[in-house]
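Undergrad: No sequence on hand, only this structure:
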């Protein structure tokens, strides 16, 4: 019986390890997809202009929505310019609206855009699938006077 218990423990450990590795790879894939979506949106705006670009980014059926990943945009003052899933925020200055931990993460997004041109910003946000507050990381890239973004839950 001890041998059976040992085999069960080893099997369960292997399953937990495999699930953990798979989740880690999925997060890495999502990070790569987020970066690619942002870079594609920046290129789209450069080719088609800001107005048409923002129209597309506000469309939930556009090419810039991939499952739970979608591209959104702010101007350099923190005004939401595009968000296909939070249309009520478009046109609003949300620069000083904090996450649930009190972090004014959009200020950090503006700072990263101004000083580095691109990067990642971490904050808390409600996951639309689970309805729970979760850690989120968002890739941002400056495109003229816009900050183009795509976030993933960690």
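TA: Here it is on my side, so go on. Not measured: the values here are computed from a predicted model.
Undergrad: residues near residue 140, how many?
TA: Neighbouring residues of residue 140 were enumerated by other CB atoms under 10 Å; the total is 27. All C-beta spots, glycine's among them, are computed from the backbone N, C-alpha and C.
Undergrad: Other residues contacting the strand or helix carrying it?
TA: Here residue 140 sits within strand 133-143, counting by DSSP states H and E. Residues outside strand 133-143 that contact it (CB atoms under 8 Å, 6 or more residues apart in numbering) are 31, 34-35, 38-39, 41-42, 45-46, 100, 109, 112-114, 117-127, 147-154.
Undergrad: which of those residues are buried?
TA: The neighbour count (16 or more other CB atoms under 10 Å) marks 31, 34, 38-39, 41-42, 45, 109, 112-113, 118-121, 123-124, 147-153 as buried among these.
Undergrad: Can you flag which of these belong to strands?
TA: 118-121, 123-124, 147-153 (DSSP state E).
Undergrad: Closest one to residue 89 out of those, please.
TA: Nearest to residue 89 among these is residue 149, at 12.6 Å by CB to CB.
Undergrad: ok now do the closest one, which residues does it touch?
TA: By CB under 8 Å, 6+ apart, the contact list for residue 149 reads 38, 71, 72, 73, 74, 109, 138, 139, 140, 141.
Undergrad: To what extent is the fourth one buried, counted in neighbours?
TA: Neighbour count of residue 73, defined by other CB under 10 Å: 26.
Undergrad: Where does pLDDT dip in the chain?
TA: For the chain, applying pLDDT under 70 flags the ranges 1-28.
Undergrad: how about a cut-off of 50?
TA: 5, 8-27 (pLDDT under 50).
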